[in-house]
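Asker: Okay, here's the prediction I keep looking at, along with the sequence it came from:
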Amino acid sequence: MRNTFLSVAEEAAQAAGGLLRSQFGRALTVDETHAHDIKLELDKRSQALIESLILSRFPDHAIYGEEGITGDQSSEFQWVIDPIDGTVNYFYSVPHFAVSIALRQSGKIIAGVIYDPMRDELWSVASGGTPTLNGQPIHVSGRTILGEAIVSVGLAKSIDSINSSLPLFQKMVRGARKCRMMGSASLDIAYVACGRLDAYIESAISLWDVAAGILLVEAAGGTVKLTPHADNPDKYAIIATSGKIDLPS
């Protein structure tokens, strides 16, 4: 059954990705604007498409998504969805964004898919299975020296979280070969899983941004530390790495 779950997740991610690709670079309807974020009408449309495909197959399952929740959240099975991870990139026609879909069973992530529609790259994994990129097995980087590593440090959307992240960002800029801020958490963590990045660090992230990637990185031989915020249980600090380099604290 888990292979069926994964197949449905892949189908839904690719369908939503096709929608996003078809609208990329066009005039877009903005629902909300914030100091460091944008919400598009297309975010909701993408999630609705994903929901319809999943719930047509598994009507008793719950949806926990960036654009809202559907169904009984106490259900044994809960799909965790980010319909456009990297919305600001998307809005500015920067072709670096993704669809992220994960499935949790009784709180444990058992399947994860991340799809980059512009590069047609599909990361996929089921619990206990081999993580893949476009069907080919992947593994985290073998680099062991921070000075040879590429690290992504995400800066979250609140002033407090930005300020708290800056000292670590400065250390990474000095210590790593390159430090990046790429604008899509799900692609950052997928890149760790396949060895393109050596680490991804962010102080305040939502579960839907990284749920699929957590399983990918761990299955690919890496490590993930996810720490909930004491004052906001819906936000987490995350450190996803190859497990082979020492990061400054």
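Answerer: Cool, the structure landed.
Asker: Give me the neighbour count for the nearest residue to Asp85 once chain neighbours are set aside.
Answerer: Excluding the flanking residues, the one nearest Asp85 by Cβ to Cβ, 6 or more residues apart in numbering is Ser186, at 4.2 Å. Every C-beta, even on glycine, is put in place using the N, C-alpha and C of the backbone. A count of neighbours around Ser186, defined by other Cβ atoms under 10 Å, yields 32.
Asker: tell me the domain boundaries of the chain?
Answerer: Recorded structural domains for the chain (assignment: automatic domain parsing) are 2-137, 146-241.
Asker: Which SSE is immediately downstream of the helix ranked longest in the chain?
Answerer: Criterion DSSP state H: the longest helix present in the chain is helix 2-23. Using DSSP states H and E, the next helix or strand after helix 2-23 towards the C-terminus is strand 30-34.
Asker: For the residue located most distally from the centre of the chain, grab phi and psi.
Answerer: Note on the chain: the largest C-alpha distance from the chain mean falls to Arg174, namely 26.2 Å (Cα atoms, centre = their mean). With angles defined as degrees, to the nearest 10, Arg174 sits at phi -80, psi -40.
Asker: Report the separation between Gly107 and Asp234.
Answerer: Using Cβ to Cβ, to the nearest Å, one gets 15 Å for the distance from Gly107 to Asp234.
Asker: Hmm, I typed the wrong one, I wanted Asp160.
Answerer: Taking Cβ to Cβ, one finds Asp160 at 16 Å from Asp234.
Asker: for Arg180, same thing?
Answerer: 26 Å.
Asker: between the two, who's got more neighbours?
Answerer: Arg180 (16 against 10).
Asker: so which strand or helix has Lys39?
Answerer: strand 37-40.
Asker: What strands line up against that strand, and which way round?
Answerer: Paired strands of strand 37-40, with direction, are strand 30-34 (antiparallel) (DSSP bridges).
Asker: Restrict stretch 224-237 to CA atoms and write it as CSV.
Answerer: Written as CSV, here are the backbone C-alpha positions of stretch 224-237 (Å, rounded to 0.1, in the frame of the first residue of the first chain):
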residue,chain,number,x,y,z
VAL,A,224,17.9,16.0,10.3
LYS,A,225,17.3,17.8,13.6
LEU,A,226,13.8,19.3,13.8
THR,A,227,13.1,21.4,16.9
PRO,A,228,9.7,22.9,17.5
HIS,A,229,9.5,26.5,18.8
ALA,A,230,8.4,26.7,22.4
ASP,A,231,6.1,29.7,21.6
ASN,A,232,4.8,28.4,18.3
PRO,A,233,4.4,24.7,17.8
ASP,A,234,3.7,25.1,14.1
LYS,A,235,7.2,26.5,13.5
TYR,A,236,10.5,24.6,13.7
ALA,A,237,14.2,25.1,13.6
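Asker: in it, what's buried?
Answerer: Val224, Lys235, Tyr236, Ala237 (16 or more other Cβ atoms under 10 Å).
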